[in-house]
Structure formats: structure tokens, C-alpha cells
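# Kindly return the folded structure for what I paste below:
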Amino acid sequence: MRLNTAKPVKWIFVILLLFIATNCSAPVKVAERPGFCQVMKAQILCLDSLGSSGIDGYEKLDSVNQYIRNLIEQYRNEIATISDTSFENVAIVAAADKKLSLVSWDTRTGGTMPVLAAMAVFCTPRGKVHTVFLKDSLPGEQEMSMIAYQHLYTIHSSRGVLYVALGYGRGSTILPWQQLKVFAIKEEQLIYPAVFPGGVSTCFVELDRTHLKTEELPEIKVERNGQLILLPETIEHGGFTGSFKKLVFKDSAYYAAY
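Okay, the predicted model is just below:
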């Protein structure tokens with residue numbers, strides 16, 4: 001006796017079509033790229049782990065820090081939209097006009113002494129977003145910023161928009177550093193205008209805690225959104241005089257005011 005299989009095959013085909021139609025009606029979810037802060041946190045955890053794992057770990061720190069620099073380049077457009085934030089020894093500060101952002105982190109390569117790194121993310125007049133690695137170290141030394149930037153002020157001047165960054169670092173537990181650094185965006189480049197007295201673009205203050213009369217650390221004060229700066233006056237061996245030097249911004253530069 002011959003079996004009639006036409007109808008079962010037909011129904012199996014119909015059911016298969018319904019299954020495909022039902023499952024394809026829902027949109028396919030594409031995995032989103034993780035945000036910059038998320039991937040940065042993962043790399044900082046990696047630095048922490050390597051920094052505490054002995055000599056073998058220290059040899060790998062440079063490659064992780066280079067990877068972080070590459071990440072900042074890759075995520076530069078996202079970073080340009082991030083407001084001030086900090087996490088896991090990482091600081092991101094942004095200018096009010098979102099044309100400049102500074103990303104600072106501890107590289108963990110200094111052992112007990114923090115060796116910091118910083119990169120700038122800036123937007124050119126043509127709308128392109130670029131990055132640059134910031135260097136404050138002396139020639140022949142490891143190329144690092146030495147400063148983690150915590151504040152960024154915007155000044156409109158006769159020479160264009162200036163950005164004044166305030167950051168902190170330390171040479172050791174007893175040698176805290178403070179620095180002001182001025183930036184400007186000219187065409188496709190980030191430049192450092194010499195607007196401070198003496199024709200320089202930075203103001204650096206180093207104090208020695210062992211020569212301070214109180215435990216309270218005198219800090220650089222920035223007021224009126226960068227128009228007025230009060231610098232702790234130091235004496236020999238990193239002591240503090242108890243007075244502040246006043247710098248006032250006028251037209252295109254800072255001038256000492258007495």
C-alpha cells in the first residue's frame with residue numbers, strides 16, 4: 001500500500017514559512033560599541049593589576065598606556081561631547097564651548113611616584129576633531145605630562161579664545177605640584193600662547209610640605225572664570241611666604257597686579 005505524503009509535506013512547508021516570517025519580523029539587535037568611560041575603566045583596572053604584579057607586570061604597562069592613547073584617538077568624537085567627570089584616577093575636563101577636552105590618567109609606571117599622562121581632544125574651525133599627547137617633561141626624560149588637569153577655563157581675548165587649564169601632580173608625597181597651562185586652537189593645530197609674565201605659556205608651583213608652617217596646602221586660585229589668578233609665592237626649598245601673587249588678564253595677556 002502506497003502512502004500519500006503530499007499533504008504532510010505541504011503543511012510542513014507552510015509551517016516553516018510562518019516560523020521564518022514570525023522570527024524575521026522582529027528587528028535584529030546589533031551590539032553597540034561600549035562608551036569611552038566604560039572601556040577606559042577596564043584599562044585602568046588592567047593597569048592596577050599589572051602595577052601590583054611585580055616586574056613582569058611593569059614590563060607590560062607601557063603597551064597598555066599606548067593602547068589607552070589609541071583609545072582616546074578612536075573615541076575622540078565621543079570625548080568631545082563629555083562633560084567634566086572623573087573616575088578610577090581618570091579626569092576629563094571640558095571647555096564651556098566643547099572645543100577642547102583634556103583627558104588625564106595615572107600610568108602606574110612610577111611605582112610610589114605617580115607618573116601622569118594627558119591628552120587633548122580639540123575641534124578645529126572646520127569641525128574636525130583631533131588629539132594630541134601633552135608633554136611637560138624635560139628633554140631626555142620620559143615624555144609625560146606630569147600633571148592631571150582638573151579645571152578648564154575659557155577666556156575671550158583680542159587674540160581669540162584661550163583655554164586656561166589648572167592641574168595637579170607631585171614629585172613625591174612631600175612635593176605637591178600645581179600648574180596652569182594655556183591652550184588655543186589655530187587652524188588645525190593646538191598651540192600654547194605665551195600669555196603669562198616672562199613670555200611663557202605655563203605657571204608652575206612646587207611646594208615642599210616639610211617647609212610649610214601648616215598642613216593646609218596653599219593652592220592656585222582661579223577667579224572670574226580665569227580673568228584673575230592668585231599664585232602662592234614660594235621661597236627657597238619650597239616654602240610658602242603666606243602671600244599670593246595676583247595676575248590679571250587684560251586684552252591678550254596676564255599682568256602682575258600689586
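# Contacts for stretch 243-258, please.
Stretch 243-258 is contacted from outside by 155, 157-159, 195-197, 203, 218, 221, 226-233, using Cβ atoms under 8 Å, 6 or more residues apart in numbering. Bear in mind the C-beta positions are built from the backbone N, C-alpha and C, glycine included.
# Please tell me how far the spatially most central residue of the chain sits from residue 131.
Using Cα atoms, centre = their mean, the residue of the chain that lies closest to the mean C-alpha position is residue 103, 0.5 Å off. Between residue 103 and residue 131 the computed distance is 9 Å (Cβ to Cβ, to the nearest Å).
# Identify the contacts common to these two.
With Cβ under 8 Å, 6+ apart as the test, residue 103 and residue 131 both reach 72, 119, 120, 121.
# returning to that earlier point: mind checking which of the contacts of stretch 243-258 land in strands?
The members of the contacts of stretch 243-258 that map onto strands under DSSP state E are 155, 157, 203, 221, 228, 229, 230, 231, 232, 233.
# Provide a list of residues in contact with the second one.
In this structure, residue 157 makes contact with 249, 251, 252, judged by Cβ under 8 Å, 6+ apart.
# can you pull the pLDDT of the residue nearest to residue 207 when sequence neighbours are not counted?
For residue 207, ignoring the flanking residues on the chain, the nearest one in space by Cβ to Cβ, 6 or more residues apart in numbering is residue 238 at 4.9 Å. The score at residue 238 is 84. That number is its pLDDT.
# is it true that residue 238 touches residue 206?
Yes. Judged on Cβ atoms under 8 Å, residue 238 makes contact with residue 206 at a distance of 5.9 Å.
# Comparing these two, which residue is more hemmed in?
residue 238 (18 against 14; other Cβ atoms under 10 Å).
# Which residues are in contact with residue 46?
residue 64.
# go again using 10 Å as the cut-off
Contact partners of residue 46, counting by Cβ atoms under 10 Å, 6 or more residues apart in numbering, are 57, 60, 61, 64, 67, 68, 108.
# doesn't it fall inside a helix?
Yes. Applying DSSP: H, G, I helix; E, B strand; the rest coil, one finds residue 46 inside a helix.
# ok, back up a step: by neighbour count, which of the shared contacts of residue 103 and residue 131 wins?
residue 121 (26 neighbours).
# element containing that residue, please.
strand 116-123 (DSSP states H and E).
# got the residue ranges for the strands in the stretch 1-150 of the chain?
85-87, 90-94, 100-106, 116-123, 129-133, 148-157 (DSSP state E, counting those that start in this stretch).
# Please identify the most buried of those strands.
Using mean count of other Cβ atoms under 10 Å, the stretch among the strands of the stretch 1-150 of the chain with the largest mean neighbour count is strand 100-106, at a mean of 25.
# who does it pair up with?
strand 90-94 (antiparallel), strand 116-123 (antiparallel) (DSSP bridges).
# Let me have those strands in CSV, adding mean pLDDT and distance to residue 42 as columns.
Putting the strands paired with strand 100-106 into CSV (pLDDT from 0 to 100; distance: least, Cβ to Cβ, whole Å) gives the following:
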stretch, mean pLDDT, distance to residue 42
strand 90-94, 97, 11
strand 116-123, 96, 17
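# what number of residues lie near residue 81?
11.
# Just the pLDDT for it.
Value listed for residue 81 in the pLDDT field: 96.
# How about residue 210?
Reported pLDDT for residue 210: 89.
# So it, which state does it fall into?
helix.
# The nearest residue to it once chain neighbours are set aside: neighbouring residues, count only.
Among residues not flanking residue 210 along the chain, residue 174 sits closest, at 5.6 Å (Cβ to Cβ, 6+ apart). With neighbours defined by other Cβ under 10 Å, the count for residue 174 comes to 13.
# What of residue 214?
Neighbours of residue 214 (other Cβ under 10 Å): 8.
# can I assume it sits in a helix?
No. Applying three-state DSSP, one finds residue 214 to be coil, outside a helix.
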